[in-house]
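Student: Pasting the sequence and the predicted coordinates here, then a few questions.
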Amino acid sequence: MKINKMFLTIFALLVISSMVLAACGPTTEAPATEAPATEAPATEAPATEAPATEEPMGPMEAPVNMDNPVTYNGYSTTEIPTLDPQLGEDVVSIGYIENLFVQLTNVDLETTEIIPEAASSWEVSEDGMTYTFTIRNDIPWVRYYADEGVVRQEVDAEGNPRFVTAYDFEYGIKRACNPNLGSYYSSVIAPQIVGCEDVLYYEDVENIPQEMFDAIGVKALDESTLEIQLAFPAAYFMQMTSMWTLSAVPSWAIEEYGDQWIEAENIVTNGRYVLAVWDHGVSREALRNPLMPEDMRGTGNIDRVIVNVVPDVTTGYALWLNNEVDTSGIPDEELQAHLEQYPDETVQIPDLAVFYIAFRMTKPPFDNVHVRRAFSAAFDRQAFIDTVRQGQGLPMKHFAPPGIFGAPPIDEVGVGFDPEYARAEMEAAGYPNCEGFPQVTLLGYSGQSTLNWIEFAQKQWEENLGCDPALIQIEQQSFSDLLTSTAADDDTAPHMWTLGWGPDYGDENNWVGDVLHCNNTNRIKRECNDIDAMIEQAREEQDPAKRIELYRQIEEAFFGPEGEFPFMPIFLRIGYSAQHSWLSYTPALFGGDQWYNWTIDWEAKQAAQGN
């Protein structure tokens, strides 16, 4: 078995960086994911500034490589929920968006340092409130024409070739502030940017004055200069600039096609890959963009990415065994045999994703805090990891994991498993030994491993609270359908559901702030209270030591003995994966996987497939 050594190195850097920040005082405040040698605030980009390139006289076009293209074959158990950068909120969508679109900046996967992407350089004002980005002038907007097999650059109404500009970023970021878009990540970026929250939370969403959009602190000073004004000097903002939500998007395509602009026949992109096929619920295919500037194409050699949708991991693993896909999850029932038979084609990756069971806080009986506390404390996390997860994880009794700046030590904050406390809380709720407790629904996303998880929960609540399993009605849906169901009104939403959260940037604000602040909990339905005021205080505090203490108090207020328990944290994933030896890549800790830096030994793969 291979543990991804590069990934563990990154994980160690994150943990060390967190400790350094905690000890250094105000002058060294910086996100935990920043490279150790970086000062904060940085006043300009690293020395890898991209060279300026002259624009061609006319629109470009080029054929894609279909002459024995190096092909990655994968599978997915779910549909892509969206390819819209401002709407992406799940790992599947974000993975495609990462490769179809460029962001302001990128993340170096080996160091976790922020590096140039669409922005070739940047400056930060002395007060940390104004960020000025220089945008490259050589990244074309393109569309793939399947009938011709060519990628062609977009042109404007006068026939001039379209390149990515600061105006495209201004449009995209202001679009993310619009409440009518319905984006979860709008509430993630809004607090940091001047005027964005004013628009996002405007009472009359159908009649937002144009001057409010004009007042949002994002402005293209010219085609190559983007200025972003912050509402406060957020030391972690530079880490956020690699996020997909802040991407440039093609306004003309969105205006022409509306919601359908992301379909394969309509989509206009600017990234290392173009979308060739999106047969919903069946398959998708992406091809290398031959018009991408040479220095932005990445270090990998994959020309084509083909992903087919399958019903479950068991089916996908069978494809892996037959050399039809390059990577696969490993079904629980196959894990031990796989570890024995394929030790050299097994990787174990700690990806900092924390999984939990969420409660609809406005739907009885989970509108009662004592019920929420009881259900959380009645779940034996270590037994779950040992038996159901077969050792793949660490128990979590608060939210943010080790390696995130501001996260408390893993075993110091939170109740965790405490059956005596759980029974006392159930009695305080008026349901001693679960007597009189109504039937409730626990919804999990599809797959056998999730079914094993929710069945384990059902048994735990029977064993430790006395709840008849018939009272816990378990159901499963595809991931995209689960996201829809859990956003519904109380009448149709489930009482509980499974979800997980992986980091977008390396700061506690991305956890308690971006997930649990009352303005962000459209599924859980938290009401605002003093905890939210603490989250806002921690977000704006400039002293790292004070921020760390505030985040400890916030986690305690959510998950301590007197906690609110909007959900029950369960485990930090450290999962096994089957990976054929011909594939080499570094997993992405933040954002989507970078296919453009993946490498396949094409001869070895073809030989294994008998080609």
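Tutor: Great, that's in hand.
Student: For burial, what's the neighbour tally of residue 390?
Tutor: Number of residues near residue 390 (other C-beta atoms under 10 Å) recorded here: 15. Placement of C-beta: from N, CA and C, glycine included.
Student: Please apply the same query to residue 441.
Tutor: Residue 441: 16 surrounding residues under other C-beta under 10 Å.
Student: per-residue pLDDT, it?
Tutor: Residue 441 is assigned 97 on the pLDDT scale.
Student: give me the low-pLDDT residue ranges for the protein?
Tutor: 1-57, 521 (pLDDT under 70).
Student: 80 instead?
Tutor: Confidence mapping of the chain against pLDDT under 80 gives the ranges 1-57, 350, 521-522.
Student: Could you break it into its assigned domains?
Tutor: As assigned by automatic domain parsing, the chain contains the domains 62-310+584-605, 348-574.
Student: in the stretch 451-600 of the chain, which spans are helices?
Tutor: Remark: helices assigned in the stretch 451-600 of the chain by DSSP state H, counting those that start in this stretch are 479-485, 530-540, 544-559.
Student: Need the winner for burial among those.
Tutor: Across the helices of the stretch 451-600 of the chain, the average number of neighbours (mean count of other C-beta atoms under 10 Å) peaks for helix 544-559, which reaches a mean of 21.
Student: For residue 279, which of the helices of the stretch 451-600 of the chain is the nearest?
Tutor: Closest to residue 279 of the helices of the stretch 451-600 of the chain, according to C-beta to C-beta: helix 479-485, at 15.4 Å.
Student: about what we covered before: can you lay out the domains of the chain as TSV showing distance to residue 327?
Tutor: Formatted as TSV, the domains of the chain follow (distance: least, C-beta to C-beta, whole Å):
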stretch	distance to residue 327
domain 62-310+584-605	6
domain 348-574	11
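Student: And those domains: which comes nearest residue 341?
Tutor: Of all these, domain 348-574 sits nearest to residue 341, with 15.6 Å by C-beta to C-beta.
Student: Am I right that residue 450 sits in a helix?
Tutor: Yes. The assignment for residue 450 (DSSP: H, G, I helix; E, B strand; the rest coil) places it in a helix.
Student: before we move on, which element is the closest residue to it other than its chain neighbours in?
Tutor: Spatial nearest neighbour of residue 450, excluding adjacent residues (C-beta to C-beta, 6 or more residues apart in numbering): residue 444 at 4.2 Å. Using DSSP states H and E, the element containing residue 444 is strand 440-445.
Student: angle of that strand against helix 448-465?
Tutor: Note on geometry: by axes from the mean of the first three to the mean of the last three C-alpha atoms, to 10 degrees, strand 440-445 and helix 448-465 are set 150 degrees apart in direction.
Student: what sits up against strand 440-445?
Tutor: Contact with strand 440-445 is made by 78, 357, 365-366, 450-451, 453-454, 457-458, 471-479, 482, 485-486, 494-498, as judged by C-beta atoms under 8 Å, 6 or more residues apart in numbering.
Student: do the same with stretch 190-206
Tutor: Stretch 190-206 is contacted from outside by 173, 176-180, 186-187, 189, 208, 212-213, 215-218, 228-232, 234, 237, 240, 513, 519, 536, 539, using C-beta under 8 Å, 6+ apart.
Student: again with stretch 550-558
Tutor: 398-400, 406-408, 413-414, 508, 512, 516, 530-531, 534-535, 537-538, 541, 563-566.
Student: Go again with 6 Å.
Tutor: 398, 406, 408, 413, 508, 512, 531, 534, 538, 564 (C-beta atoms under 6 Å, 6 or more residues apart in numbering).
Student: quick one: that stretch to chain centroid distance?
Tutor: Relative to the chain's own centre, stretch 550-558 is displaced by 23 Å; criterion: C-alpha atoms, centre = their mean, to the nearest Å.
Student: dump the residue contacts of residue 400.
Tutor: 407, 508, 511.
Student: Kindly report the same for residue 174.
Tutor: Listed by C-beta under 6 Å, 6+ apart, the contact partners of residue 174 are 213, 216, 218.
Student: helix, strand or coil for the second one?
Tutor: When you say that, I think you mean residue 216. Residue 216 falls in the coil class when you classify it by three-state DSSP.
Student: For burial, what's the neighbour tally of it?
Tutor: 24.
Student: Could you do the first one as well?
Tutor: For residue 213, the tally of surrounding residues (other C-beta under 10 Å) stands at 17.
Student: Distance of it relative to residue 338?
Tutor: Remark: distance between residue 213 and residue 338 (C-beta to C-beta, to the nearest Å) = 53 Å.
Student: what are the ranges of the strands in the stretch 501-611 of the chain?
Tutor: Here the stretch 501-611 of the chain has its strands, by DSSP state E, counting those that start in this stretch, at 567-579, 583-584, 599-600.
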